[in-house]
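In: coordinates only, sequence not included:
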Ligand SMILES: Nc1nc2c(c(=O)[nH]1)N[C@H]1C(S)=C(S)[C@@H](COP(=O)(O)OP(=O)(O)OC[C@H]3O[C@@H](n4cnc5c(N)ncnc54)[C@H](O)[C@@H]3O)O[C@H]1N2
Ligand code: MOO
């Protein structure tokens, strides 16, 4: 008798790519602009207006026409609707942001003018200090394309373009099933117990990657309880921590078989974190199995969970970040190695002492460097930043 059925291990980069490409984007919803940061655009957004909307003074000073000196005939402040006209030889005192009167050749900053007896004088202006209508944006200009993350500057740009409501992907829902008789959710663990470290880690990571706040369901090492928990509906993605290996209390494989799940990834050729899993239940819900050792579970998050969420969100793939690896890391051998690193001055510096059950190195790192099989010490490494 064998304890575990044979599984076909998937290469690390193939597993990651599968998680992203198998997922179809979730539905679209509209959110007010003020709530759009952190979401993923579901459609291109175009400008509804021109920016600036009118010829605008870029400095506080005088809008002048023709050669100086100029007779000052009035004043325009920001918000004025009808700034009037300046005739050659005259000037209008003007505020930054105010509409420039017709006929103006330039705005001369206060600092450059000499004033006296209703006249202002200045050397011939070298810059016009007028922002022309539509020089930044025109109606119909694409402000951002589908699949982009809405960042804080993008929210500002969308506002400039007259956006009030933004089409985004709804946040995928995640139910987090934390298995293990020994795992406790709060306080100090008793004899034989361990504090749940992976649960809080996955919740934070999934939220930052764009999911709605995961619901955490602790489940003891019991096949029927795990089965009942996976059957209960209500989430796009079920993340199961622990129970992924071949021990007597590791029931995930048996339960997935009971439920006729399709296993797309069952074991990944990486270290740590090889017992990770991606499966789909017949009703379409995804199951991500993460190894219980916390750093190994984190590796499962960056390998399968984050790319799956990217796919569900329709997020465009960013070009990989590759940098030099400082220090003297050994080549990884036959399987991909994930190494916690800090990125400083364009180099990835390994953070010492990463073991599968230890989180200290990862907690002090910016992300993990990916040492693919065949990697040689002088070649660059891809760095995956933690979401
Ligand atoms: N005979 C074999 N044994 C193991 C193998 C193997 O290939 N053959 N793989 C090892 C590797 S690698 C890992 S990783 C673990 C994965 O085990 P499971 O996913 O089944 O997880 P557990 O056995 O439940 O727990 C492993 C370890 O992690 C602790 N743990 C579990 N959940 C949490 C949590 N939420 N927060 C903090 N710590 C947790 C648990 O107490 C164990 O110490 O299997 C190896 N064995
Ligand atoms: O997933 Mo395990 O970490 O390789 O110990």
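Out: Now that the structure is in, tell me what you want to look at. None of the values given here were measured: they were computed from a predicted structure. Numbers count the residues shown, from 1 in each chain. Ligands and ions are numbered 1, 2, ... in the order given.

In: now do the residue lying farthest from the centre of the chain, the pLDDT please.
Out: The centre of the chain is farthest from one residue, residue 117, which by C-alpha atoms, centre = their mean lies 59.3 Å away. Looking at residue 117, its pLDDT is 85.

In: for ligand 1, see how far away residue 300 is.
Out: Going from residue 300 to ligand 1 by C-beta to the nearest ligand atom, to the nearest Å gives 9 Å. Just so you know, the C-beta spots here come from the backbone N, C-alpha and C atoms, and that holds for glycine as well.

In: let me know whether the helix or strand encompassing that residue sits next to ligand 2.
Out: Element membership of residue 300, judged by DSSP states H and E, is helix 294-300. Yes. Part of helix 294-300 sits near ligand 2 under the criterion C-beta under 6 Å from any ligand atom, namely residue 296.

In: and the strands in the stretch 1-150 of the chain?
Out: According to DSSP state E, counting those that start in this stretch, the stretch 1-150 of the chain carries its strands in the segments 10-11, 28-32, 45-46, 56-57, 61-64, 70-76, 90-94, 106-109, 114-116, 119-121, 130-131, 142-144.

In: and the residue in the stretch 201-350 of the chain positioned nearest to ligand 1, how many neighbours?
Out: Relative to ligand 1, the nearest point of the stretch 201-350 of the chain is residue 292 (2.6 Å; C-beta to the nearest ligand atom). Neighbours of residue 292 under the rule other C-beta atoms under 10 Å: 25.

In: again, but for the one 10 residues further on
Out: For residue 302, the tally of surrounding residues (other C-beta under 10 Å) stands at 21.

In: show me the contacts for the closest residue in space to it that isn't next to it in sequence.
Out: Using C-beta to C-beta, 6 or more residues apart in numbering and skipping residues adjacent in sequence, the residue nearest residue 302 is residue 384, 5.1 Å away. Residue 384 makes contact with 302, 367-368, 370, according to C-beta atoms under 8 Å, 6 or more residues apart in numbering.

In: so where's the chain uncertain?
Out: Within the chain, the segments meeting pLDDT under 70 span 1-6.

In: if we can go back for a sec, hang on, the residue nearest to residue 302 in a strand?
Out: Yes. With DSSP: H, G, I helix; E, B strand; the rest coil as the criterion, residue 384 is assigned to a strand.

In: show me what it is bridged to.
Out: Assessed by DSSP bridges, residue 384 has beta-bridge partners residue 368.

In: can you check residue 51 too?
Out: Taking DSSP bridges as the rule, residue 51 bridges to residue 137.

In: and the residue lying closest to residue 376 once chain neighbours are set aside, how many neighbours does it have?
Out: Leaving aside its sequence neighbours, residue 376 sits nearest to residue 331 (C-beta to C-beta, 6+ apart; 6.3 Å). Other residues lying near residue 331 total 13 when counted by other C-beta under 10 Å.

In: swap in residue 340?
Out: Using other C-beta under 10 Å, residue 340 is surrounded by 27 other residues.

In: what do you get for residue 316?
Out: When neighbours are defined as other C-beta under 10 Å, residue 316 has 13 of them.

In: tell me the phi and psi of residue 306?
Out: Main-chain dihedrals, residue 306, degrees, to the nearest 10: phi -60, psi -50.

In: and it, how far from residue 312?
Out: Noted for residue 306: a distance of 11 Å to residue 312, by C-beta to C-beta, to the nearest Å.

In: hang on, the earlier thing: can you name the next helix or strand after the helix holding residue 300?
Out: Next along the chain after helix 294-300, taking DSSP H and E as the criterion, comes helix 306-313.

In: most neighbours per residue, which of the strands of the stretch 1-150 of the chain?
Out: Sort the strands of the stretch 1-150 of the chain by mean neighbour count, taking mean count of other C-beta atoms under 10 Å, and strand 61-64 sits at the top with a mean of 28.

In: any idea how far it is from the middle of the chain?
Out: A distance of 45 Å separates the centroid of the chain from that of strand 61-64, by C-alpha atoms, centre = their mean, to the nearest Å.
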